[in-house]
Every structure is written in C-alpha cells, then in structure tokens.
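J.: prediction below, plus the sequence it came from.
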Amino acid sequence: MGSMKPHVTPVTWTLVVPLKPLPRAKSRLAGVPDGPALPALALAFAQDTVTAALACRVVSGVVVVTDDPLATGELRALGAGTVPDPPGGGLNAALAHGASAARAADPGAAVAALNADLPALRPAELERALNTAAGFPRAFLPDAAEIGTTLLTALPRTPLSPAFGGLSRARHRASGAAELPVTGVPSVRQDVDTPADLAAAHALGVGGFTAALLAGPVPDPGR
Ligand SMILES: Nc1nc2c(ncn2[C@@H]2O[C@H](COP(=O)(O)OP(=O)(O)OP(=O)(O)O)[C@@H](O)[C@H]2O)c(=O)[nH]1
Ligand SMILES: C=C(OP(=O)(O)O)C(=O)O
C-alpha cells in the first residue's frame, strides 16, 4: 500500500556568493576602534559564510563571484568554485553572471544568491530557509534590519533576476518574489554592515575564521 505522504521532490541548490575586492569591502565597519583590518574581516566573513554554506545538506555547490585574488585562493581552498566579475557590472551583474555560470555547468540547477557577510551562518538554518524556498519559483529572505536581502532563490529554469543593494527587500517583493514564510533563521538574516551588526552576529555566535580575528572583547558599538 502506498504512503499517504505527498510526493515532495527534493531540491538541492547552487549558491552564488558575491564578494567585492577586499580592499574596498566593508567600508561601513570603519568606525570600529582597534578592530581588525577591514580586508581581513571581510575575508573571514566570507570564509565563515562559505564554510557554513558548503556544510548545508541541501547545497550542492558554492560559486563565489569575485575579482579578489586572495579571496579567490582562500575560498577555493574551502571547496568553493570561483568566477571573476563581468567587467564594470557591479553587484547584480556579478550575481547574474554567477547564476549563468552555475547553469552552464548544470542546466537544471536551482540557484540562490547569498551575501558573503553572514559570519554567524548556521547550516541547519540555511537548510530550513532553502527547503521553504523550494515551494516558490522565486523567493527571498529580508536581512535582520528588515530593509535589505540576504538570500534570493530561483527554482530550475526560473531567472534569478537579482535586485540587491540598499532597499532591496521592497524591490524583491515588487519583482514578484515571495518573501519566505520562515521564522527562527536569524543566522541567515544577520548580515554585517555596521559595528552594531557585528555585535549582533557575535551574540549569535560567529564561525571560526571571524572568531579568531575577534579574539578578545567585541568592540562596543556605543563607545
Ligand atoms: N562580486 C561582487 N560583489 C559585490 C559587489 N558589490 C558588492 N558586492 C558584495 O555584495 C554583498 C553586499 O555588498 P555591499 O553591502 O554593497 O558592500 P559591503 O562590502 O558588504 O559593505 P560596504 O562597503 O560597507 O557597503 C557583499 O557580499 C559584497 O562583498 C560587486 O561589484 N561585485
Ligand atoms: C546589498 C545588500 O546588502 P547590504 O545590506 O550588505 O548593503 C542588500 O541588502 O540588498
């Protein structure tokens, strides 16, 4: 006798992670007194993001889009693939290029853009967000500040159509993407742009690369 459970096709995802050249990254963290150098911090965030993403059971691969030579080597060493930015394109062109590269390698790939600044990312929380996203052609997760986006997903044969930057939550919603009805995934939403974000990520628990850089007291954003 057959099971009464509905048949659910498992979806595995190729994640596309954009990363600016490290010397230009994380400019809004510049106010942290006595903090680690910003390029080192940006690399550690990306290393922790990629490590957690590759440990997620529903992630089949990670493609980092970056022009940074140091980050390219370090993230490939973790098991990510890398592609350079298309010339002169900016963030959304980089993401579209990464999604194209993923689908050139696997035409049936489900793809998702994930920010590189999620140092507290937990594989189990990412899995819950992605499993929820499997129910929508295109979907997104707003960032902790509720105005931006940390994750944008597209099922096979659906264009990713990224519209990141600034007030991207409203832009992604207006584009027809579903806002993911998932709660309890703070680590997927906690991007780090400001000293206050860094303290919030630290409270959630950051990965090993970022923790090593932050060894010692966390800078107090109110100081
Ligand atoms: N490949 C690529 N990634 C980008 C580009 N612009 C931004 N990113 C990445 O996109 C994500 C969000 O970027 P932003 O918030 O604009 O930049 P940021 O370096 O995180 O922070 P700020 O310098 O403080 O604005 C981060 O993972 C960035 O590294 C780009 O032109 N190319
Ligand atoms: C680019 C974005 O992120 P950030 O908050 O890092 O600017 C965004 O949220 O669309």
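T.: Looks like it arrived, so ask away. Ligands and ions are numbered 1, 2, ... in the order given.

J.: contacts only, for Ala42.
T.: Going by Cβ atoms under 8 Å, 6 or more residues apart in numbering, Ala42 touches 19-20, 22, 25-26, 116-117. No exception for glycine: its C-beta is placed from N, CA and C like everyone else's.

J.: mind checking pLDDT for Gly90?
T.: pLDDT for Gly90: 96.

J.: now it: how far from Phe164?
T.: For Gly90, the distance to Phe164 (Cβ to Cβ, to the nearest Å) stands at 10 Å.

J.: and the two most separated of the contacts of Ala42?
T.: The distance between the two most remote of those (Cβ to Cβ) is 12.1 Å, for Leu22 and Asp117.

J.: more crowded one of those two?
T.: Between Leu22 and Asp117, counting by other Cβ atoms under 10 Å, Asp117 is the more crowded of the two (27 against 22).

J.: got phi/psi on Thr82?
T.: phi -140, psi 150 (degrees, to the nearest 10).

J.: what parts of this protein come near ligand 2?
T.: 115, 117, 143, 148-149, 164-165, 168, 191, 193 (Cβ under 6 Å from any ligand atom).

J.: which of these sits closest to His97?
T.: Distance to His97 across the residues of the chain next to ligand 2 (Cβ to Cβ) is lowest for Phe164, with 13.4 Å.

J.: ok but that closest one is inside a helix, no?
T.: No - counting by DSSP: H, G, I helix; E, B strand; the rest coil, Phe164 is not found in a helix; it is coil.

J.: what pLDDT does it get?
T.: 98.

J.: grab the nearest non-local neighbour of it.
T.: Nearest non-adjacent residue to Phe164, counting by Cβ to Cβ, 6 or more residues apart in numbering: Leu91, 5.4 Å away.

J.: how many other residues sit next to Ala200?
T.: The tally of other residues near Ala200 (other Cβ under 10 Å) stands at 18.

J.: what's the closest non-adjacent residue to it?
T.: For Ala200, the spatially nearest residue (Cβ to Cβ, 6+ apart) is Gln190, at 5.8 Å.
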